[in-house]
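1. sequence plus the predicted model coming up.
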Protein chains: 2
Amino acid sequence: MPTDIEIARAATLKPITEIAAKAGIPEDALHLHGKHIAKVDDRFIAGLPKKEGAKLVLVTAISPTPAGEGKTTTTVGLGDALNHIGEKAIMCLREPSLGPVFGVKGGAAGGGKAQVIPMEQINLHFTGDFHAITSANNLLAALVDNSLYWGNPLNIDPRRIVFRRVLDMNDRTLRSIISGVGAPTNGYTREAGFDITVASEIMAIFCLANDLQDLEERISRIVVAYTPDRKPITAKDVDAQGSLGVLLRDALRPNMVQSIEGSPVFIHGGPFANIAHGCNSVIATTTAMKLADWTVTEAGFGADLGAEKFMDIKCRFSGLAPDVVVIVATVRALKMHGGMAKNDLKTENVEALKKGLVNLGRHIENTKKFGVPVVVAINHFFADTDAEIETLRDAVREDFGVEAVVCKHWADGAAGAEDLARAVVKIAGEEPSNFKPLYSEDLPLLEKVETIAKEIYRADKVTASPAIKKQLKDWEDAGYGKFPVCIAKTQNSFSSDPNAIGAPTGHTLPIREARLSAGAGFVVVVCGEIMTMPGLPKVPASANIKLLPDGTIDGIA
Amino acid sequence: MPTDIEIARAATLKPITEIAAKAGIPEDALHLHGKHIAKVDDRFIAGLPKKEGAKLVLVTAISPTPAGEGKTTTTVGLGDALNHIGEKAIMCLREPSLGPVFGVKGGAAGGGKAQVIPMEQINLHFTGDFHAITSANNLLAALVDNSLYWGNPLNIDPRRIVFRRVLDMNDRTLRSIISGVGAPTNGYTREAGFDITVASEIMAIFCLANDLQDLEERISRIVVAYTPDRKPITAKDVDAQGSLGVLLRDALRPNMVQSIEGSPVFIHGGPFANIAHGCNSVIATTTAMKLADWTVTEAGFGADLGAEKFMDIKCRFSGLAPDVVVIVATVRALKMHGGMAKNDLKTENVEALKKGLVNLGRHIENTKKFGVPVVVAINHFFADTDAEIETLRDAVREDFGVEAVVCKHWADGAAGAEDLARAVVKIAGEEPSNFKPLYSEDLPLLEKVETIAKEIYRADKVTASPAIKKQLKDWEDAGYGKFPVCIAKTQNSFSSDPNAIGAPTGHTLPIREARLSAGAGFVVVVCGEIMTMPGLPKVPASANIKLLPDGTIDGIA
């Protein structure tokens, strides 16, 4: 079996001008980054008319397990397959973060014959978007401390500076620091810290902005600190929005690359799926929908987090509405939800599979609550037995009443996902989407959390300290009450306990903390340990990443 | 008078493919970054033969004053003028740092009709080189702390981690921090800090490396920490060189842009001129010399720092040898060296000018010690009077025995520097360069400092504490004795006192500190307050930097 990287290297990259032309983008609307990556000009995008009948497909998944589901791979495979059967599709993916590439993670650009290329560039600096976001974030942070330094005209309470710095690096020692040490000229000593760039509110804003003006307006609203009497101080108060807009202007142009099969793919933005909404940029998605008949996109983690936020945050803000949701499931992962250990997964075990099906079933049920038709993609792995595959397919059809299609895009590329593409086209033609968000913007913040907890997580109740309840109430009074909520909890379970696999019920969702992302436009509700700055493992991947003598990059897989 | 930015905006940008073709670079050797910026492929460069008779011109200056000298402007004007008179020239400049753009500095890409364009991109993210260097620096820093965290197999003394983090941002609160605070999982608490990216040793290495392999070898040798018994721990010990090479591969390809007059210009790398050597990359300079008959480049600060390091560090390592040195002087600045206040400079004052001439005279004398012919470029300002200009020109010719040429490239572009170009061509034809570094690599480190102090700074003596002397001796014993020294002192005076303008003598050069840049290959000798992380001013430039409604960037000038 060739590895992902061997397949990627064996692929013939077409000039991106050719891929873009196929998507309807002329060469003079491209800002080339080498021969195989281009940014699409914002003036060209602004001039594109809305395309009637363009369909949006969201690819989401069951609750993640160490067995792997293949959401990105299926997004790529489905898009390729749609093009393969004569439809016109563009895929929209998130940009991978640089830091984790040198940790444990390796690359993130699909796999097998369902990959986006050039894989190494995409996983490294790519077009510099994350570097621009890092710069913008850290300029804002520096401006806040600088205002404090020069006489503190805004009356910033140094204990209440809430905007943190970021680096696109796994660096645990920066999670919590004391800054401004050593001399009066180094500023005021205070507690501070760094998150990884994907956790920046600037990243969330970048992915929710409709255009440059919206980007600047959202940036203006970021609450960076409070006065001693708890009055919010915003990015606008330190005159940051103009220079941050300048730093982000080029980055906000969506990046076009290609799949191994030659489909046009936008890869743009990549916020965390816990403390943020976990989807690629609105600009990329809406641009794709102006160019293609089918836009296939993905959301982070499982459907309880990713799809819910896609619907309740990204779609709510942008006016997007999915036409079909594809839920990716694997025999392997469902067997883990049925209690099997990772090392035993190569053994046929229909009983474990049947037991684990509850996880998929609930995701299907949940997703239907948004009024969108669902198709299940069974992402085939080599060790899956016929009995297992048939059990899974039949159960989905009979027990959950939706279509299930076996996909082999990893091994076979577009041809392997042709059945899925046809199923998606069929259901989109037969079953109109009646998309609506799960809750009204008019519900109080806590009731929004309770709605998600009840309807999606199936928790019995939500708990929060009086201080948190007061905090939510205060934000409502301050005008943030119409914000959607962005729940940060473990992705491994419907509950807040990562070990509660399958489809737990009767649990409690404990709110530990609430954070205001006033620029992004949501309230983050933290229900569990959320790590916003990863560390490196004992033997980091960096130890095996190197250049070969011919300049080829080795070790990013 | 149009401003720099108005002139830049009014300029017609040619496709960079056209500019590159003129320089002998075919389109398939370019990695385009939009239509007007390209990186040149390393394999193309490796295949270029050495060009016989190619000449290298270094542009340096008198000791900087607030009046301005115009070194970059003159570098651009001279290159344009050489092309204008039918020679074939490429200019090599340093990349501007992003952070200071939002502080006080504004842009750095020449001025008037002697500018490089596209100005805004060059001053912002450009091709992401500095971001790549930031990432590489911070990955190495994270790997060091990570090794400490996971059982400390290298026996790192947490008090003796000497490799700092960097950001391309003016952020005084990060100069000195306590990292690893708050929890055992956040690592070991220790003193740490950030420099601005241009101060990174990775930046110095980037600019001194002959190729990717040399880059990795130099990175391997960086001393990042010491054991409790003072044994050095290197980047190689944390397996960093491979992944840092991967992060820097694309960045190491030199960036080509154009001057307003359409000359090809390499802008690549930009290390500090105090704690590092202050020149653009060796790769850009050697590539230019393989393509053009004339390569015109600059070095940071005045000739005492910039030219000395260009000769003793960059040329020594790379085998480059300048054929002509152009020293830029202005009437304004020499009047300040003669004691005038900045606000009075518009008044004619031949006496102050005559008094200030000692500064220029000494730089000429110093530069000749390297065996290279010298031409003085009198960079004309509007308020300069004929009497002043004639006094200056005559004095240079008569008192210092070198040619002086009045230049008006700022106002008139190539035509304004035609006389300078002809003078440079003439002297290069008549006076062969007998370049040699100032001192032998075999001198002990302290004697190298003493040689520079005596021959260039004209100090009577060099002082250093016994601890510093022992440190230098220890490094000699450890095998670093053949390194050149890189003196970090004020750029405003030959001495270490920034207020001692003109041509001071009889002073003492006090060594305050010594640092080993084992990867870059020099010993930094700090003689004064050196700021490696700037702060933002009370009203940062960022407050006036913004996007206009049509997406144009405003406020970077």
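-> Yep, it's here.

2. hey, let's count contacts and neighbours off CA atoms from now on
-> Noted.

3. give me every residue that touches residue A:157.
-> Going by CA atoms under 8 Å, 6 or more residues apart in numbering or on different chains, residue A:157 touches A:225-228.

4. let's have those residues in a markdown table, adding secondary structure, pLDDT and neighbour count.
-> Converted to a markdown table, these look like this (DSSP: H, G, I helix; E, B strand; the rest coil; pLDDT from 0 to 100; neighbours: other CA atoms under 10 Å in any protein chain shown):
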| residue | secondary structure | pLDDT | neighbour count |
| --- | --- | --- | --- |
| A:225 | strand | 98 | 23 |
| A:226 | strand | 96 | 20 |
| A:227 | coil | 98 | 16 |
| A:228 | coil | 98 | 13 |
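
5. tell me who's in contact with the closest residue to chain B within the stretch 201-350 of chain A.
-> Proximity of the stretch 201-350 of chain A to chain B (CA to the nearest CA) peaks at residue A:242, 4.0 Å away. When contacts are counted by CA under 8 Å, 6+ apart, residue A:242 touches A:216, B:542-547.

6. at 10 Å instead, please
-> A:216-217, A:219-220, A:236, A:248, B:542-548, B:553-555 (CA atoms under 10 Å, 6 or more residues apart in numbering or on different chains).

7. that one belongs to a strand, doesn't it?
-> No. With DSSP: H, G, I helix; E, B strand; the rest coil as the criterion, residue A:242 is located in helix rather than a strand.

8. what are the boundaries of the helices in the stretch 51-200 of chain A?
-> For the stretch 51-200 of chain A, applying DSSP state H, counting those that start in this stretch gives helices covering A:71-84, A:98-101, A:119-123, A:129-149.

9. let's test this: mean pLDDT of the first one, rounded?
-> For helix A:71-84, the mean pLDDT works out to 97.

10. go on, stretch A:111-118?
-> 93.

11. stretch A:403-417 too?
-> 97.

12. ends of that stretch, what's the gap?
-> 14 Å (CA to CA, to the nearest Å).

13. give me the buried positions along that stretch.
-> A:403-411, A:413-417 (16 or more other CA atoms under 10 Å in any protein chain shown).

14. which SS class is residue A:35?
-> For residue A:35, the assignment made with three-state DSSP gives coil.

15. report the separation between it and residue B:129.
-> The gap separating residue A:35 from residue B:129 is 18 Å, by CA to CA.

16. quick one, which of these two is more surrounded?
-> A side-by-side neighbour count of residue A:35 and residue B:129, using other CA atoms under 10 Å in any protein chain shown, places residue B:129 first with 27 against 17.

17. once you drop chain neighbours, what's closest to that one?
-> residue B:251 (4.8 Å; CA to CA, 6 or more residues apart in numbering or on different chains).

18. circling back to that earlier point, which of the buried residues of stretch A:403-417 fall within helices?
-> Among those, the members found in helices (DSSP state H) are A:409-411.

19. residue A:452: what's it in contact with?
-> A:304-305, A:308, A:366, A:438-439, A:458-459, A:485-487.

20. mind putting these in a markdown table, neighbour count included?
-> Converted to a markdown table, these look like this (neighbours: other CA atoms under 10 Å in any protein chain shown):
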| residue | neighbour count |
| --- | --- |
| A:304 | 26 |
| A:305 | 29 |
| A:308 | 25 |
| A:366 | 21 |
| A:438 | 20 |
| A:439 | 15 |
| A:458 | 22 |
| A:459 | 21 |
| A:485 | 28 |
| A:486 | 29 |
| A:487 | 26 |
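
21. and the residues you listed near chain B, which?
-> Applying CA under 10 Å from any CA of the partner chain, the subset of the contacts of residue A:452 adjacent to chain B is empty.

22. ok, back up a step: do you know the pLDDT at the residue of the stretch 201-350 of chain A closest to chain B?
-> For residue A:242, the model assigns a pLDDT of 97.

23. next one: residue A:105
-> Residue A:105 is given a pLDDT of 64.

24. equivalent analysis for residue A:140, please.
-> Residue A:140 carries a pLDDT score of 98 in this model.

25. residues near the nearest residue to it once chain neighbours are set aside, how many?
-> Leaving aside its chain neighbours, residue A:140 sits nearest to residue A:240 (6.1 Å; criterion: CA to CA, 6+ apart). Using other CA under 10 Å, the number of residues around residue A:240 comes to 26.

26. check the gap between residue A:84 and residue A:420 for me.
-> When residue A:84 is compared with residue A:420 (using CA to CA), they lie 12 Å apart.

27. on that earlier part again, hmm, the residue nearest to residue B:129 is touching residue B:135, no?
-> No. With contact defined as CA atoms under 10 Å, residue B:251 does not reach residue B:135; the gap is 11.5 Å.

28. looking only at neighbour counts, state which of the two leads.
-> Between residue B:251 and residue B:135, residue B:135 has the larger neighbour count (other CA under 10 Å), namely 26 against 22.

29. surely that one and residue B:247 touch.
-> Yes. Assessed by CA under 10 Å, residue B:135 is found in contact with residue B:247 at 7.3 Å.

30. anything in contact with each of the two?
-> Common contact partners of residue B:135 and residue B:247 (CA under 10 Å, 6+ apart): A:98, A:125, B:129.

31. what is the nearest of those residues to residue B:178?
-> Nearest to residue B:178 out of the shared contacts of residue B:135 and residue B:247 is residue A:98 (CA to CA; 25.0 Å).

32. which residues touch that closest one?
-> A:106-107, A:122-126, A:130-131, A:167-170, A:196-198, B:135, B:247.

33. before we move on, the earlier item: pretty sure the residue nearest to residue A:140 contacts residue A:233?
-> No. In this structure, residue A:240 is not within contact of residue A:233 by CA under 10 Å, at 12.0 Å.
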